[in-house]
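what's the 3D shape of this:
(chains A, B, C and D, ligands or ions: 4)
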Number of protein chains: 2
Amino acid sequence: MSITGFEDMLERHDLKKTRPRLSVLNILSKRQAATSQPDLEEVLGNEVDRVTLYRVLKTFEEKGIIHKILDVNGTANYAMCGPACSEHSHYDEHVHFNCTVCFRVYCLDHLAIPKLSMPHGFEAGTVNLIVYGICGDCSKKAAAYKAAEDKVSS
Amino acid sequence: MSITGFEDMLERHDLKKTRPRLSVLNILSKRQAATSQPDLEEVLGNEVDRVTLYRVLKTFEEKGIIHKILDVNGTANYAMCGPACSEHSHYDEHVHFNCTVCFRVYCLDHLAIPKLSMPHGFEAGTVNLIVYGICGDCSKKAAAYKAAEDKVSS
DNA sequence: TTTTAAAAGCATCTTAGTTGCATTTATTTT
DNA sequence: AAAATAAATGCAACTAAGATGCTTTTAAAA
Ligand SMILES: [Mn+2]
Ligand SMILES: [Mn+2]
Ligand SMILES: [Zn+2]
Ligand SMILES: [Zn+2]
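Residues are numbered from 1 along each chain as shown, chains lettered A, B, ... in the order given. Ligands and ions are numbered 1, 2, ... in the order given. Okay, the predicted model is just below:
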């Protein structure tokens, strides 16, 4: 998305067009995987204050611009929301995948969370479904490594 | 479970029978909901050192005696495992419920996690499915409160 | 251009979780 | 029963995510 695209997006949500916000949108929108808060902090360096980053992320989440995924360590990861999200409701009920090798968090946008029937008296709100395992990249690498190893030892 | 029961359990897992371990087993086994690390810390007071508690929990998890559930805040909660768990594999693939009012974490032991088909190349390991919402207790209380309110205003 | 509410920045704090090392203790061996 | 030992506890110090309060800056409106 273009800079003006992001500026429009901020305007639509009644948010001021500031450098920290535009930086965060730029980073998150060009990533296919979700990004952890510490990662964002590192990428931004001293360009943006730590606290400002937390506040930007919180605001974006509330406005339905990004959604938060807690990884296996309980750390917050963020990814852009789809077009269906708004201030009033998130529609991010897709499965997430957390690679235990590279720790990347993927949004499996096209894998919807199955319907579940709650026990009597329990009212379900949002559902968080995260699969831990080995991602495409990492299993490919592992396979390549194994092939090379086999060749050497033959 | 009786004290001797816990002692046998520790022995079966080649763990020494120590006070911190027995205390933790006592607390967790008599709770129906999972217990957070900070809760355990508070209940134990200065009876057990903070670090020891962390280590006991880690050991028990590795041995398949308890399992960990990350709540909405990313905090670790612990509950006893079923009889199928062992050092070599956990069978805790049931749904968890995290109440957004009282923050309790319930094991929905009888609600299995649905099978999911991963995208090509992704290898699924364990699956974490947590439903956020209002638990039976809290929705009952809310209903009672509303009924009382209606009576007054009539 | 002035005004102002919102946002950024900065210092400080809180708390979950970890690490290293010295001391204690449950269990084994003699 | 006493000694030996590996395992576990306790303590101090540290790390890192996240929050809070307050001041200064700035985007946008008047
Ligand atoms: Mn997602
Ligand atoms: Mn459970
Ligand atoms: Zn990976
Ligand atoms: Zn509740």
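
A:Ser36 bridge partners, please.
Note on A:Ser36: beta-bridge partners A:Asn77, judged by DSSP bridges.

Give me the buried stretch members for the helix or strand in which A:Glu42 is found, please.
Assigned by DSSP states H and E, A:Glu42 belongs to helix A:37-44. Neighbour-count burial for helix A:37-44, counted by 16 or more other Cβ atoms under 10 Å in any protein chain shown, picks out A:37, A:39-40, A:44. (Glycine included, C-beta is placed from N, CA and C.)

likewise stretch A:118-133?
A:118, A:122-123, A:126-133.

which helix is the longest one in chain A?
For chain A, the longest helix by residue count, based on DSSP state H, is helix A:136-152.

So which elements touch that one?
Taking 3 or more Cβ pairs under 8 Å, 6 or more residues apart in numbering or on different chains; DSSP states H and E as contact, there are no helices or strands that helix A:136-152 lies on.

tell me how far that helix is from the chain's mean position?
How far helix A:136-152 lies from its chain's middle: 28 Å, per Cα atoms, centre = their mean, to the nearest Å.

Now it: buried residues?
A:136-139.

outside of stretch A:44-57, which residues touch it?
Applying Cβ atoms under 8 Å, 6 or more residues apart in numbering or on different chains, the contact partners of stretch A:44-57 are A:19-21, A:23-24, A:27, A:37, A:40-41, A:66, A:68, A:76, A:78.

what about it and DNA strand C, any contact?
Yes: under the criterion of Cβ under 7 Å from any atom of the strand, DNA strand C is reached by stretch A:44-57 at A:48-49, A:51-52, A:55-56.

Take these and keep only those in helices.
Per DSSP H, the residues of stretch A:44-57 next to DNA strand C map to helices at A:51-52, A:55-56.

neighbour-wise, which of these leads?
Ranked by the number of neighbours (other Cβ atoms under 10 Å in any protein chain shown), those place A:Val56 first, at 24 neighbours.

re the thing from before, nearest to ligand 4 among the contacts of stretch A:44-57?
Of all the contacts of stretch A:44-57, A:Lys68 has the smallest distance to ligand 4: 21.7 Å, by Cβ to the ion.

Verify the assumption that that closest one is located in a helix.
No: under the criterion used here (DSSP: H, G, I helix; E, B strand; the rest coil), A:Lys68 is strand, not part of a helix.

burial measure for the nearest residue to it once chain neighbours are set aside, as a count.
Leaving aside its sequence neighbours, A:Lys68 sits nearest to A:Ala76 (Cβ to Cβ, 6 or more residues apart in numbering or on different chains; 5.3 Å). Per other Cβ under 10 Å, the neighbour tally for A:Ala76 reads 19.

in terms of contact, does A:Ala76 touch A:Gln37 like I think?
Yes: at 5.0 Å, A:Ala76 counts as touching A:Gln37 under the criterion of Cβ atoms under 8 Å.

before we move on, the earlier item: just the closest of the buried residues of helix A:136-152 to DNA strand D, please.
A:Cys138 (21.5 Å; Cβ to the nearest atom of the strand).

Show me the buried residues of stretch A:118-133 that map onto strands.
Among those, DSSP state E puts A:123, A:126-133 in strands.

Any idea which of those residues the model trusts least?
Scanning these for pLDDT, the smallest score is found at A:Thr126, 89.

check contacts around the residue of chain A found nearest ligand 4.
Nearest to ligand 4 in chain A, going by Cβ to the ion, is A:Phe122, at a distance of 9.1 Å. Contact analysis of A:Phe122 by Cβ under 8 Å, 6+ apart lists B:97, B:106, B:131, B:133-136, B:139.

near DNA strand D too, which of those?
Of the contacts of A:Phe122, not one also sits near DNA strand D (Cβ under 7 Å from any atom of the strand).

Turn the residues you listed into CSV, including distance to A:Ala148.
What follows is those, written out as CSV (distance: Cβ to Cβ, whole Å):
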residue, distance to A:Ala148
B:Phe97, 46
B:Tyr106, 48
B:Val131, 44
B:Gly133, 49
B:Ile134, 54
B:Cys135, 53
B:Gly136, 56
B:Ser139, 58
